[in-house]
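Participant: have a look at this prediction, sequence included:
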Amino acid sequence: MKKINFIKYGLFAGALVLGVSCTNLDEQITDATELSAADADAVLVSAYAGLHNFETQDGLFAIQEVTTDFAIVPTRAGDWGDGGAWLEDHFHTWKADSREVNTAWKHMLSSVYNCDLALAIKGISPSNKAQAQFLKAYYYYNAIDMFGQVPYREAGSSNDDFPKVWDSPTATAKIIALLEEALPNLPAKNTSDPSIASKDAANFLLAKIYLNKAVFDAPSHTGFNANNVANMNKVIQYVDAISSSTSLAPDYWDNFKPSNNTSPEVILSVRNVLGVDGVAGLGINGIRSRWYMSAHYNQTPSGWNGFSVLQEYYNQFDPADRRIKNNDASIIANFGSPLGMRIGQQYEKGGAVALKTRAQNDSRPLNFQSDPAGLPADGKILAAEWLERWGIRPQKYIPDVSNMDKPENDYVLFRYADALLMKAEAIARGGVSTTTPASIKALFTARPGITTPMDLSTLTGIYTARATELWEEGWRRNDMIRFGKYTTARATMTNTDAYRVLLPIPTTALLNPNIKQNPGY
C-alpha cells in the first residue's frame with residue numbers, strides 16, 4: 001500500500017472509533033489488511049504513541065486526579081478559566097460535551113484503533129502482536145474504567161458499519177482474555193527500558209483488572225464486595241508472577257528523576273528522550289507539564305501557576321515525609337525549594353533568596369498556602385492576596401536541568417509499589433497468601449525518609465497508604481470508586497450524584513446508534 005494511506009490511518013483514527021462512516025471522509029481509507037509485515041514496526045510505534053496521552057495535563061490526567069480529593073485547578077482571575085473545564089472536573093458537573101470528557105474518550109479509543117491496525121497485519125511477529133494486544137487491553141481498561149462501555153469492530157467488518165458495543169462486564173472478560181493470550185509472547189522486562197510492554201507489565205495489569213473486576217462487572221460500577229474473594233486470589237497470583245528483576249527502588253525519588261528508566265521499580269513507562277519531543281505536536285504538554293502545571297511563574301523552572309493539592313489530602317502526610325519533601329542539596333541548589341508538595345515560602349535557586357509574586361500582583365512573598373478562606377466556593381480566586389499564592393503545589397518529577405523543556409524523565413505508568421499495595425488490599429479483602437501485611441509494610445518503610453505511619457492490615461489503612469504512596473500517578477479516581485469514596489461530599493466538592501462514577505458518553509460518539517448514553521446524563 002502507499003505510505004500516504006498509512007498516514008491517513010492516524011489522521012482519521014478519532015473519527016473512525018467514534019463511529020463516523022468512512023464515506024464521510026474526503027478519501028476512502030485503504031483496508032487495514034493491506035498493511036504488510038514490513039509495516040508492523042511503524043504501526044506498533046503508533047500504538048505505543050498513545051501512551052504519551054497519559055503524561056499530558058488534560059484529558060486522562062484531569063479525569064483521574066482533578067476529579068478527586070487530590071487536586072483542584074482554581075480559576076485565578078483570567079488564568080485557568082478555559083470555559084470552566086477544570087472546575088467542571090473537580091465539582092463533578094461535567095456534561096457529554098465537556099472538554100476533558102471528550103479528550104479522554106478520543107485519546108483512548110484512537111489508541112485502540114492504532115492497536116487494531118497492528119493486529120490486522122498479516123505476518124506480524126508473535127512479539128509485536130503480543131505488544132499490540134497488551135496496549136489494546138490497557139487502553140480498553142482505561143476506557144471501561146471511565147465510561148463503562150466501549151465500541152469495537154469485529155475482524156473483517158466493513159469500515160462503513162457502525163462499531164458494535166461491549167458493556168463493562170463483557171469488555172472486562174475480553175481484556176483479560178487478550179492479556180492472557182499475549183502473556184507467553186511478551187518479552188521479559190527490559191531493565192534499562194521499561195517502556196517496552198513486558199510480561200511484568202501484563203501481570204501488573206491483570207492484577208489491576210481483577211482488583212477492580214467486581215466494580216467493572218456491575219453496569220453501574222458499584223457493588224464492589226459481591227463475590228469477590230476469587231478475584232482477590234487472582235490479584236495475589238498475578239502480583240506474585242512479577243519477576244525478580246522488579247523490586248522497590250532504594251530511594252522513592254529514583255522513580256521520578258531524569259534517569260528513572262534504570263529504576264528497578266518501574267514496570268511500564270512512557271519513554272522520553274533528552275532534547276526530543278515524545279510525540280510531534282505535544283510540545284509543552286509532554287512530561288514537562290508535570291512541573292509547569294503547578295509551579296509559579298517566578299520559580300525555577302517557571303510554570304503556569306495552576307494545579308494545587310487540597311489541604312485535606314496533604315493532611316494525610318507527616319510534613320517531613322520524604323515522599324512530599326525532597327530537600328536534597330542538589331534539589332535546593334537547582335530549584336531553590338524542596339520538591340514534592342510545595343508549601344510555605346518559596347526560594348530562588350540556592351535556597352537563600354525568598355521569591356515574590358509578580359510586580360503586577362504587588363510583589364508579595366511567594367508563600368504557598370491552601371487556607372480555605374482563599375478559595376471561594378465557586379473555585380474562582382479574585383482576591384489579590386491569594387491570586388498567585390493559593391494552593392499547595394505538587395511537583396513529583398525532578399526537572400532535567402540539562403533540558404527542562406524537552407526532558408529525559410520517563411513518565412511512570414506502572415510501579416512495583418502499586419503492585420505491593422494491590423496485594424495487601426487483596427489480602428485485606430479475603431485473598432489467601434503466605435505473605436503478611438507486616439512483611440509488605442517492611443519493604444516500604446525500609447526506604448529512607450518514609451515518616452508517615454503506614455497500616456497495611458486494614459482497608460482504611462491501605463486506602464491512606466495508596467494516597468500517600470501514589471499521589472499524582474493517575475490512580476486516585478480508580479481507588480476512590482473502589483473504596484466507595486468518589487461521590488462522597490468533600491471540602492471542595494458537594495455533588496453526591498452516584499451515577500458520576502461513570503463519565504457521560506461524548507455527544508459525538510452517540511452518532512453511533514449502538515452506543516447508549518450512560519444513566520443520569
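Facilitator: Yep, it's here.

Participant: could you measure Tyr292 against Tyr397, distance?
Facilitator: 11 Å (C-beta to C-beta, to the nearest Å). For the C-beta atoms, the positions are set from N, CA and C on the backbone; glycine is no exception.

Participant: again, but for Leu366
Facilitator: For Leu366 relative to Tyr397 (C-beta to C-beta), the value is 21 Å.

Participant: same check on Gly474?
Facilitator: Gly474 is 13 Å from Tyr397, by C-beta to C-beta.

Participant: who has more neighbours out of those two?
Facilitator: Ranked by neighbour count (other C-beta atoms under 10 Å), Gly474 and Tyr397 place Tyr397 first, with 25 against 18.

Participant: got the buried residues for stretch 439-455?
Facilitator: For stretch 439-455, a neighbour-count test (16 or more other C-beta atoms under 10 Å) marks 440-441, 444, 447, 449-450, 452, 454 as buried.

Participant: how long is stretch 287-302 end to end?
Facilitator: Using C-alpha to C-alpha, to the nearest Å, the end-to-end distance of stretch 287-302 comes to 14 Å.

Participant: following element in sequence after the lowest-mean-pLDDT helix or strand in the chain, please.
Facilitator: Across the helices and strands of the chain, mean pLDDT, DSSP states H and E gives its lowest value to helix 3-17, namely a mean of 35. Next helix or strand after helix 3-17 toward the C-terminus (DSSP states H and E): helix 40-49.

Participant: report the rounded mean pLDDT for that next one.
Facilitator: Helix 40-49 shows a mean pLDDT of 92 in the predicted model.

Participant: can you list contacts of whichever helix or strand comes after that helix?
Facilitator: Scanning forward in sequence from helix 40-49 by DSSP H and E, the next helix or strand is helix 60-61. Helix 60-61 is contacted from outside by 53-55, 103-104, 107-108, 142, 474, using C-beta atoms under 8 Å, 6 or more residues apart in numbering.

Participant: repeat the analysis, applying 10 Å as the threshold.
Facilitator: 53-55, 71, 100, 103-104, 107-108, 142, 146, 289-290, 293, 307, 472-474 (C-beta atoms under 10 Å, 6 or more residues apart in numbering).

Participant: pLDDT of that helix, averaged?
Facilitator: Computed over helix 60-61, the average pLDDT equals 95.

Participant: same deal with stretch 253-261?
Facilitator: Stretch 253-261 comes out at a mean pLDDT of 97.

Participant: same deal with stretch 405-421?
Facilitator: In this model, stretch 405-421 has a mean pLDDT of 95.

Participant: for stretch 103-121, same thing?
Facilitator: Stretch 103-121 shows a mean pLDDT of 95.

Participant: sorry, back to before: now for Gly474 and Tyr397: what residues contact both?
Facilitator: 55, 411-412.

Participant: quick one, grab the pLDDT at the closest residue to Trp253 other than its chain neighbours.
Facilitator: Using C-beta to C-beta, 6 or more residues apart in numbering and skipping residues adjacent in sequence, the residue nearest Trp253 is Asn326, 5.4 Å away. We note a pLDDT of 98 for Asn326 in this prediction.

Participant: and what of Ala37?
Facilitator: 76.

Participant: and it, what is it in contact with?
Facilitator: 121-125, 128.

Participant: let's go with 7 Å and repeat that
Facilitator: Residues in contact with Ala37 (C-beta atoms under 7 Å, 6 or more residues apart in numbering) are 121-124.

Participant: give the buried subset of the residues you listed as a ChimeraX selection command.
Facilitator: Paste this into ChimeraX to select the buried members of those, with burial taken from 16+ other C-beta under 10 Å:
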select :121,124
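
Participant: among the contacts of Ala37, which one sits closest to Ile515?
Facilitator: Ile121 (27.6 Å; C-beta to C-beta).

Participant: so where do the helices sit in the stretch 201-350 of the chain?
Facilitator: Taking DSSP state H, counting those that start in this stretch as the criterion, the stretch 201-350 of the chain contains helices spanning 229-240, 289-292, 311-314, 329-335.

Participant: distance to Asp167 and mean pLDDT added to these, as a markdown table?
Facilitator: Listed next are the helices of the stretch 201-350 of the chain as a markdown table, based on distance: least, C-beta to C-beta, whole Å; pLDDT from 0 to 100:
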| stretch | distance to Asp167 | mean pLDDT |
| --- | --- | --- |
| helix 229-240 | 18 | 97 |
| helix 289-292 | 34 | 92 |
| helix 311-314 | 33 | 96 |
| helix 329-335 | 48 | 98 |
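
Participant: check those helices for me and report the most buried one.
Facilitator: By mean neighbour count, with neighbours taken as mean count of other C-beta atoms under 10 Å, helix 289-292 ranks first of those at a mean of 24.

Participant: and the gap between Gly81 and Asn361?
Facilitator: 17 Å.
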